[in-house]
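Student: Here's a sequence, model it:
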Amino acid sequence: MESLNLDEIDIKILNALQNNSEISFETLGKELGVSKSTIHYRVMNLKERGIIKKFAAILDPEKLGMGILAVSLIRAHYNPGYVDYIGDKLKNIPGVWGVYFLIGEHDFVVLIRAKDKDDLNRIVETFISMKEIERSNTHVIIKKIKEDIRVDI
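Tutor: Residues are numbered from 1 along each chain as shown. I've put the predicted structure just below:
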């Protein structure tokens, strides 16, 4: 934390905003014992430094009809620059919400949200039909035990 120059107030602001990004600067300032303008200045500074990436609504995919969650482990054919090239192709497939490059037996892990089995099949067929993909191993998640985008600081 010291390399980021985050003090106790910054950390409290970040934690409060992760729990409720709609909290007013005035309310947050009262909770933390600082002025509304101090909160505003610090939040703007945290945004400028890229610590706060953006403010966004967090939607419930299941309530929006995207009830299938799956993970695909992908092995690709090695070529120079393949990570960025294949990563760009994978991330642009509708229904793919996360793409990560791995070191080890698999090259990529792809996180998928799908409406139903047919939609999941469409997504998986899209990337396994890519000539750069050697093979894929897809797992459907049966029960979500924890899913939290907050960062513990």
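Student: Pull out the buried positions in stretch 102-114.
Tutor: Of the residues in stretch 102-114, 106-108, 110, 112-114 count as buried by neighbour count, 16 or more other C-beta atoms under 10 Å. (Each C-beta comes from the backbone N, C-alpha and C, glycine too.)
Student: Just name the closest of the residues you listed to Leu32, please.
Tutor: Lowest distance from Leu32 to these (C-beta to C-beta) belongs to Arg113, with 36.1 Å.
Student: all strands of the chain, in order?
Tutor: Remark: strands assigned in the chain by DSSP state E are 68-76, 96-101, 108-114, 133-140.
Student: So which of those strands is nearest Asp84?
Tutor: Of the strands of the chain, nearest to Asp84 by C-beta to C-beta is strand 96-101, at 9.1 Å.
Student: ok now the closest one, how far from the chain's centre?
Tutor: Once both centres are worked out by C-alpha atoms, centre = their mean, to the nearest Å, strand 96-101 turns out to sit 9 Å from its chain's centre.
Student: Also stretch 26-40?
Tutor: 29 Å.
Student: now stretch 96-108
Tutor: 14 Å.
Student: Number the residues from 22 up from this point.
Tutor: In the new numbering, first residue 22, that becomes stretch 117-129.
Student: can I have it written out in PDB, keeping just the CAs?
Tutor: Taking C-alpha atoms only, stretch 117-129 is exported to PDB below (Å, rounded to 0.1, in the frame of the first residue of the first chain):
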ATOM      1  CA  VAL A 117     -17.500 -14.400 -23.000                       C
ATOM      2  CA  TRP A 118     -17.000 -12.100 -20.000                       C
ATOM      3  CA  GLY A 119     -13.500 -13.000 -19.000                       C
ATOM      4  CA  VAL A 120     -10.300 -14.200 -20.800                       C
ATOM      5  CA  TYR A 121      -7.100 -14.900 -18.900                       C
ATOM      6  CA  PHE A 122      -3.700 -16.200 -20.200                       C
ATOM      7  CA  LEU A 123      -2.200 -19.000 -18.200                       C
ATOM      8  CA  ILE A 124       1.200 -20.500 -17.800                       C
ATOM      9  CA  GLY A 125       1.000 -24.300 -17.600                       C
ATOM     10  CA  GLU A 126      -0.900 -27.100 -19.300                       C
ATOM     11  CA  HIS A 127      -3.600 -24.700 -20.700                       C
ATOM     12  CA  ASP A 128      -3.100 -21.400 -22.400                       C
ATOM     13  CA  PHE A 129      -6.300 -19.600 -21.600                       C
END
